[in-house]
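Student: no sequence on this one, just coordinates:
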């Protein structure tokens with residue numbers, strides 16, 4: 001059974017998902033690929049300790065307190081390649097950005113920016129796994145499944161504005 005919990009943030013409602021002992025999803029309600037990686041029945045569970053912990057993390061994030069994403073038990077579900085990209089996203093420091101090309105280089109995939117971009121775009125644990133910190137080669141704000149406006153707002157929050 002997949003447990004879910006909805007929560008209001010300054011950028012709109014999010015939905016979190018957990019299975020067994022790990023967070024497996026966090027999406028803005030209605031965003032592209034919402035629930036795409038989840039198979040099985042879902043049930044809202046406001047009493048889930050794991051989901052409540054993730055909500056506290058999200059609230060701390062929006063208050064500008066820089067919570068550590070590795071403090072949560074995360075298990076994004078995807079192909080081995082995507083999981084490798086998502087793990088790399090956790091290395092991008094709070095307030096910093098990188099590019100798809102730089103991620104590809106870090107993964108020893110020269111010329112693999114497009115494949116990396118596909119994986120970044122399908123990140124099932126938004127905000128906590130910081131896909132919003134990835135920019136186009138020229139620094140442009142390329143796609144974000146939660147919407148470009150939210151990507152801009154998350155980056156402004158992290159840069160103190």
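Tutor: Everything's here; your move. Please read these numbers as outputs of a predicted model, since none were measured by experiment. Numbers count the residues shown, from 1 in each chain.
Student: now do the helices in this structure.
Tutor: 49-62, 80-89, 100-106, 113-121, 148-158 (DSSP state H).
Student: contacts for the first one, please.
Tutor: Just to be clear, that refers to helix 49-62. 3-5, 7, 9-11, 14, 16, 18, 21-23, 26, 45-46, 66-67, 69, 71-73, 127-128, 157 (Cβ atoms under 8 Å, 6 or more residues apart in numbering). Every residue, glycine included, has its C-beta placed from N, CA and C.
Student: residue 107 reaches residue 87, doesn't it?
Tutor: No: the pair residue 107 / residue 87 is not scored as a contact, 9.6 Å apart, by Cβ atoms under 8 Å.
Student: can you lay out the helices of the chain as CSV showing distance to residue 134, mean neighbour count and mean pLDDT?
Tutor: Converted to CSV, the helices of the chain look like this (distance: least, Cβ to Cβ, whole Å; neighbours: other Cβ atoms under 10 Å; pLDDT from 0 to 100):
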stretch, distance to residue 134, mean neighbour count, mean pLDDT
helix 49-62, 17, 17, 97
helix 80-89, 7, 18, 96
helix 100-106, 6, 19, 93
helix 113-121, 5, 19, 92
helix 148-158, 9, 16, 94
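Student: now render these as CSV, adding distance to residue 36.
Tutor: Below are the helices of the chain laid out as CSV (distance: least, Cβ to Cβ, whole Å):
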stretch, distance to residue 36
helix 49-62, 19
helix 80-89, 11
helix 100-106, 20
helix 113-121, 11
helix 148-158, 18
